[in-house]
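1. Dropping a prediction and its sequence here:
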Amino acid sequence: MDVNALKAEFPILHQNVNGHPLVYLDNAATSQKPRSVIEAVKRYYEWDNANVHRGVHTLGSRATDAYEGAREKVARFLNAASSREIIFNRGTTAGLNLVASGYARRVLKEGDEIVITPMEHHSNLIPWQQAAKATGATLKYIPLQPDGTISLADVEKTITPRTKLVSVAYVSNVLGTVNPIAKIAEIAHRNGAVIVVDGAQSTPHLKVDVRALDVDFYAFSGHKMCAPTGIGALYGKAELLERMEPTEYGGEMIDFVELYDSTWKEIPWKFEGGTPIIAGAVGLGAAIDFLESVGLDAIDRHEKRLVQYALDRLSSIEGITVYGPREERAGLVTFTLGDIHPHDIATVLDAEGIAIRAGHHCCQPLMRWLNVSATARASFYLYNTEQDVDRLADALIKAKEFFGYESA
Ligand code: PMP
């Protein structure tokens, strides 16, 4: 993988910020976009823009082909059995909420259990809290090990025949933990539960095969994988989508409408009420082409190397605490530096042209478990280099001096 050649494809990365060349290390929040994606969206608006599924005119059929072609690409990218199993939406949050409202709230009853983990993003936690409250089901947590992983023994203990739904992140956006999804899916299925996966942090970085993992639902966001904001998708096994109810009603999703009753289109269109995110889907298709041309395995290997380098460099700075497992982790490093507030660290780094994230990362229960109110996080993508990590480490040493940090 020629990282510098890849980086050249991302116009935004070639600028100075506060007088320094930009080092963008906030990829877990959102990734930057390559020229091919920007061009695909531009070309769509300059040549093909029209509404889909209705116009008999040429632009209408081009737009429909582009939109449905993007669905085919997503299906192939995730190795879904059919593009009928791909619902376009705004992203991970929308996908998880659709499963919680359209499936869980209709299927769960009092006494049933929903199982999640304390490392979940709020988007994979609050929908289940609300579904549990609405149905009388109980929300249960697979406990975390001290290193921020979960043990299969605990998975076996927590999931029972009363469990009807399990929802877990493939990759934690704070700890970098990569959860053993295939094994959790097997345990869930053995107990008669469905498994939902939050794929926000996995889909951009590693090869995902929903059939090999044997997951029932899988949600992800385009904006973290080189696509525009505002587009994502939910994968669901066809037989489950058939049983799931739409949560948005209106144009586009209907078959016949009478004065007092209506029928829906087939899956996946019954879940796509209103004019869809056509340009976003085109951008997502172009992002998939781009990522596949680089190779997901190559991206994964590059980031794993980079994160080990970052762990080595950062751990050598006295006063740094790095969270999450040391081995087998995704390309991000979450840390605190003595008692310096993470927002202050991020501010000093920004003055050096380095973008990182500071805060609770939409994981307040996890912050409580880590016993911190906030952390700093540097997250990598295919265009980041060892020099970026060096700039980060040097700036952290500078921040320490700036705040007069002294070790205890
Ligand atoms: N889950 C995880 C693990 C995430 O990192 C994020 C994004 N920070 C989300 C869910 C939500 O994604 P979105 O805001 O794109 O819906």
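-> Thanks, I have it.

2. neighbours of residue 343, just the number please.
-> 12 (other CB atoms under 10 Å). All C-beta spots, glycine's among them, are computed from the backbone N, C-alpha and C.

3. Let the chain start at 743 from now.
-> Fine by me, first position is 743 from now on; the one you just mentioned is residue 1085.

4. where in the stretch 1043-1150 of the chain is pLDDT low?
-> 1148-1150 (pLDDT under 70).

5. Residue numbers of it in contact with the ligand?
-> residue 1104 (CB under 6 Å from any ligand atom).

6. Could you pull out the helices in the stretch 1043-1150 of the chain for me?
-> 1084-1093, 1106-1112, 1128-1144 (DSSP state H, counting those that start in this stretch).

7. Show me what the longest one is packed against.
-> Contacts defined by 3 or more CB pairs under 8 Å, 6 or more residues apart in numbering; DSSP states H and E place helix 1128-1144 against strand 765-766, helix 1038-1057, strand 1074-1079, helix 1084-1093, strand 1096-1097.

8. What mean pLDDT does stretch 907-919 get?
-> Across stretch 907-919, pLDDT averages out at 98.

9. does it come close to the ligand?
-> Yes - contact of stretch 907-919 with the ligand (CB under 6 Å from any ligand atom) involves 911, 915.

10. before we move on, back to that, save the helices of the stretch 1043-1150 of the chain as TSV, and put in distance to residue 910 too.
-> Shown next, in TSV, are the helices of the stretch 1043-1150 of the chain (distance: least, CB to CB, whole Å):
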stretch	distance to residue 910
helix 1084-1093	26
helix 1106-1112	13
helix 1128-1144	29
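
11. for the ones you listed, which one sits closest to residue 779?
-> helix 1128-1144 (21.4 Å; CB to CB).

12. mind listing what's buried in that closest one?
-> 1130, 1131, 1133, 1134, 1135, 1137, 1138, 1141, 1142 (16 or more other CB atoms under 10 Å).

13. on that earlier part again, what's the most buried one of the helices and strands packed on helix 1128-1144?
-> strand 1074-1079 (a mean of 25; mean count of other CB atoms under 10 Å).

14. Against which helices or strands is that strand packed?
-> So strand 1074-1079, by 3+ CB pairs under 8 Å, 6+ apart, packs with helix 1038-1057, strand 1062-1065, strand 1117-1121, helix 1128-1144.

15. got the CA positions of that strand in CSV?
-> Listed next in CSV are the C-alpha coordinates belonging to strand 1074-1079 (Å, rounded to 0.1, in the frame of the first residue of the first chain):
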residue,chain,number,x,y,z
LEU,A,1074,-7.3,3.9,17.4
VAL,A,1075,-5.7,4.9,20.7
THR,A,1076,-7.7,6.4,23.6
PHE,A,1077,-5.7,7.9,26.4
THR,A,1078,-5.4,10.4,29.2
LEU,A,1079,-2.3,12.3,30.1
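
16. which residues sit against that strand?
-> 769-770, 915-918, 943, 1049, 1052-1053, 1056, 1059, 1061-1066, 1084, 1087, 1103, 1114, 1117-1122, 1138, 1141-1142, 1147 (CB atoms under 8 Å, 6 or more residues apart in numbering).

17. likewise stretch 795-810?
-> 786, 789-794, 825, 830, 994, 1011, 1018, 1020, 1023-1024, 1027.

18. one more time with 7 Å
-> 786, 790, 791, 792, 793, 794, 994, 1018, 1020, 1023, 1024 (CB atoms under 7 Å, 6 or more residues apart in numbering).

19. Next up, the contacts around the residue in the stretch 1043-1150 of the chain positioned nearest to the ligand.
-> Relative to the ligand, the nearest point of the stretch 1043-1150 of the chain is residue 1104 (5.7 Å; CB to the nearest ligand atom). By CB under 7 Å, 6+ apart, residue 1104 lies in contact with 863, 864, 865.
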